[in-house]
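A.B. asks: 3D, please:
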Amino acid sequence: MISEKVINRAELLRNTTAYQKILQNKIFIIPTDTVYGISCDATSTRLVKKVRKIKHCKQPFSVIAPTKKWIRDNCIVNSKVEKWLKKLPGPFTLVLKLKNKNVISKEVYNRENNTLGVRIPDHWITDVVKKINIPLITTTANVHGKNYMTYIDNLDPEIRNKVDLIISVGIKRGHPSTIIHIDDEEKIIKRK
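C.D. replies: Sure thing, here's the model as predicted:
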């Protein structure tokens, strides 16, 4: 299935500057080290609300952080968090207390307990996020409760028709990232 809104890794990396406008102003599908995700600029309330509508989801979203420094500057980092930061990049989502709520849209984080899931995937997409220097939301590419996308042909048509760009790299055989809640105690949630 070919579409003018589908590009591959080489096209994105060759034209990152040209695609930067899309990555900052549109909704798109990206590959990560785990699975495909729906993404947009995490600072844009308008875009984040659109992703919520596409996914039929009210849960908080996670972000791909541009750098570990971004995480340290905007989240509360103690020795437990620092231990996990040393393991990044990797297939983890760290759920941390926010110290700077203005750094992302209030539509992204958990406002009940002021936490944000942050990721730095062990994947080339991390370099793209670092280059554009904005956090991107990352949530599985599926309508909430349905199967997530593993390759372009199993992307739900309801989602496909509502995104502006799809970065396809073939079949992804991973699972969604492991969620690490870091509070007084660490709580690890492996997803399948």
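A.B. asks: Doesn't residue 179 lie inside a strand?
C.D. replies: Yes: when the secondary structure is assigned by DSSP: H, G, I helix; E, B strand; the rest coil, residue 179 falls within a strand.
A.B. asks: who does it bridge with?
C.D. replies: Per DSSP bridges, the residues bridged to residue 179 are residue 93, residue 189.
A.B. asks: surely it meets residue 118?
C.D. replies: No: in this structure residue 179 lies outside contact range of residue 118 using Cβ atoms under 8 Å: 11.0 Å. Yep, even glycine has a C-beta here, placed from its N, CA and C like the rest.
A.B. asks: List the residues that are in contact with both of the two.
C.D. replies: residue 93 (Cβ atoms under 8 Å, 6 or more residues apart in numbering).
A.B. asks: So for those two, which residue has more residues nearby?
C.D. replies: The neighbour count for residue 179 versus residue 118, taken as other Cβ atoms under 10 Å, is higher for residue 118 (27 against 17).
A.B. asks: can I assume that one is in contact with residue 66?
C.D. replies: No: when contacts are counted by Cβ under 8 Å, residue 118 is not listed as touching residue 66 (10.4 Å).
A.B. asks: Least confident secondary structure element in this protein?
C.D. replies: Of the helices and strands making up the chain, the lowest-confidence element is strand 186-189, at a mean of 72, by mean pLDDT, DSSP states H and E.
A.B. asks: wait, residue 92 sits on residue 176?
C.D. replies: No: if you go by Cβ under 8 Å, residue 92 and residue 176 don't touch, sitting 10.9 Å apart.
A.B. asks: ok, residue 146 - contacts?
C.D. replies: For residue 146, the residues meeting the contact criterion (Cβ under 8 Å, 6+ apart) are residue 156.
A.B. asks: make it 6 Å
C.D. replies: Applying Cβ atoms under 6 Å, 6 or more residues apart in numbering to residue 146 gives no contacts.
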